[in-house]
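K.L.:
Using only what follows, build the 3D model:
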Amino acid sequence: METNVNKFGMAPLKPINYFVYGLGNFASQLSWTMVSTYLSIFYTDVFGLGTGAVALLMLIAKVWDGINDPMMGTIMERTHTKHGRFRPYIVVGAIFLVIFTVLTFTVPGFGGPAKLAYAYITYIGLGMSYTMTNVPYLALPMVMTRDPKEINKLNAAQMMGMTIGQIILNLFVLNLVKWFGHGDEAAGYHSTAILLALVALPMFWAVAGLSKERIDVKKSEQGSIIEGLKLIAKNKNLVCALLYSLMNMFGMLGRISVAVFFYMHCVQDMRFITVFMMMQMIVGTLVMPIAPKLCMKYGKRNVAIVSMLIQGISLIVIFFGPSTSIPFNFVMMIIYGFGYIAGPSGSGMIVDAVDDFDLKYGYRNDGMAFSFSGMATKIGTALANSIFLLIMGKYGYDNMFSLKAQLEGAVDA
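P.N.:
So this is what the prediction gives:
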C-alpha cells in the first residue's frame, strides 16, 4: 500500500516519469519537424511538384487532418481498456507513423497525376497517423496526475523533448541526406526518413509502457458527443486556448517552413544554416526548466502573452532589418528563442479549461478538448505553409533551384 502520497491522494511522479514523457515529443519531432522543416523543399526540389500544387496539397491535407482530430478525441473518450483510454492508441499509432513517414519521403517510380495522388495519399496518411499518436500523447498528463505542479512539469518536459528533438534533427538531417544519398537526394531523404522513424518507434512504446493512466473517467462522466461539442463552444477559456495554439503554430511553423528557402536564396550563405535552424531551440531548451515556476507565479495566460510578444516582435524586426546579415540573424534567433518560455502554457490552459468543464457541467471531455487543440495546431500549420508557399510562388519561386549543390556546400562547410 502506498504511504508516500501527496495532498491529492496519489503517489508523486518520479523523475523517470518526466523523462519518459518528454521522450515522446522528442520522438514526435523525428517525424513532425522532418515534415514541417524539409517536406516543402523535398516536394518542390526533389519530388518535382510546383509551389502551387504543394500549397494546395498541404492546405487540403492539414485541414482534413484538423477535422479528424476531434474524431480521434471522441474515439479516445469512449475507449475503456485495462491499459487505459489513451495509451493503446500510442502503441498502434506509432507503427503507422513510422510507415507513412517513410512513404511520404519516397519518390515513386511513376509520374503525372498518379504521382500527385501518391503525394496526397501518403501525406494525408501521415497526418492521420500523427493524430492517432499525438492526440492521446498530449492528453496523458490529465490522467497521470491531479497535481497542477506535476502537470506543468510534464508539459515542460514534453516541450523540452520537442526543442531537443528539433535541435538534433536540424543538426544532422542535411548531413544524413548527403551521406545516405551519395549525390542522389531522393535516396538520401528516403534513407534518412527510415532511420528517424525506426529510432522514434521504441520511444513511443516506452511512453505507452511507463506513463500509467492513474485517473479513471467513467462513461457516465462524459456525456454524448453533441453535448461535448456544445460545452466546448460554451467554454470561453478553452476557445481562447485553442486560438492561442492556432496563432502560435501559425507563427512558429510558418517561420520554420520557409527558413531553409530563406537561407538558401535570400541570405545565400548555407555555411551557418544548421546554427540558424536550431539556435532559437537551444535557447528555448535552456529557459524551459524555469517555465513551470513562471507559470505558477505569473499565470499561464500572462506568460503566453509575453512569449508571443517576444516572438512576434522578433519576426517583425527581422522583416524590416538587414535580413541578409549573418550577425543580425544570429542575434534575432537568440531573442526569438526566449519566446519558448511559454512552453507548458498552452497545454496547461487546456487542462484548466477541461477541469472547468468538470466543475461546471459534470462532464470530462479531455480527449475531445485536446483533439481540438490538435486541430487548431494543424490548421495554423496548414495556413502558414500554404500562404507562405503561395507568396513565394507569386514572387517567382518555381523550384528551378537545385538543392543538391546548396546541401553539398553547407555540409562541406
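K.L.:
biggest helix in this structure by residues?
P.N.:
Ordering each helix of the chain by length in residues (DSSP state H) puts helix 148-181 first.
K.L.:
Show me what that one packs onto, helices and strands only.
P.N.:
On a contact count with 3 or more CB pairs under 8 Å, 6 or more residues apart in numbering; DSSP states H and E, helix 148-181 meets helix 15-42, helix 141-144, helix 185-210, helix 273-287, helix 291-298, helix 345-361, helix 403-412. Backbone N, C-alpha and C define where each C-beta goes, glycine included.
K.L.:
Would you reformat these as a markdown table and include mean neighbour count, distance to residue 174 and mean pLDDT?
P.N.:
Shown next, in a markdown table, are the helices and strands packed on helix 148-181 (neighbours: other CB atoms under 10 Å; distance: least, CB to CB, whole Å; pLDDT from 0 to 100):
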| stretch | mean neighbour count | distance to residue 174 | mean pLDDT |
| --- | --- | --- | --- |
| helix 15-42 | 22 | 9 | 87 |
| helix 141-144 | 23 | 34 | 84 |
| helix 185-210 | 20 | 9 | 92 |
| helix 273-287 | 21 | 7 | 78 |
| helix 291-298 | 18 | 30 | 83 |
| helix 345-361 | 20 | 30 | 74 |
| helix 403-412 | 17 | 6 | 44 |
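K.L.:
Kindly present those as JSON lines, with separate columns for distance to residue 234.
P.N.:
Formatted as JSON lines, these follow (distance: least, CB to CB, whole Å):
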{"stretch": "helix 15-42", "distance to residue 234": "30"}
{"stretch": "helix 141-144", "distance to residue 234": "20"}
{"stretch": "helix 185-210", "distance to residue 234": "32"}
{"stretch": "helix 273-287", "distance to residue 234": "34"}
{"stretch": "helix 291-298", "distance to residue 234": "25"}
{"stretch": "helix 345-361", "distance to residue 234": "9"}
{"stretch": "helix 403-412", "distance to residue 234": "49"}
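K.L.:
Select, out of the ones you listed, the one closest to residue 93.
P.N.:
Minimum separation from residue 93 across these (CB to CB) falls at helix 185-210, 7.8 Å.
K.L.:
elements contacting the closest one?
P.N.:
helix 15-42, helix 87-104, helix 112-139, helix 148-181, helix 403-412.
K.L.:
ok, now how distant is residue 141 from residue 124?
P.N.:
Here the criterion is CB to CB, to the nearest Å. By it, residue 141 lies 29 Å from residue 124.
K.L.:
wait, residue 331
P.N.:
40 Å.
K.L.:
If you count surrounding residues, which of these two has more?
P.N.:
residue 124 (19 against 15; other CB atoms under 10 Å).
K.L.:
if I pick the residue lying closest to that one once chain neighbours are set aside, what's in contact with it?
P.N.:
Leaving aside its chain neighbours, residue 124 sits nearest to residue 61 (4.8 Å; criterion: CB to CB, 6 or more residues apart in numbering). Residue 61 makes contacts with 120, 123, 124, 127, 382, as judged by CB atoms under 8 Å, 6 or more residues apart in numbering.
K.L.:
just these now: which is nearest residue 15?
P.N.:
Nearest to residue 15 among the contacts of residue 61, with distances taken as CB to CB, is residue 127, at 33.3 Å.
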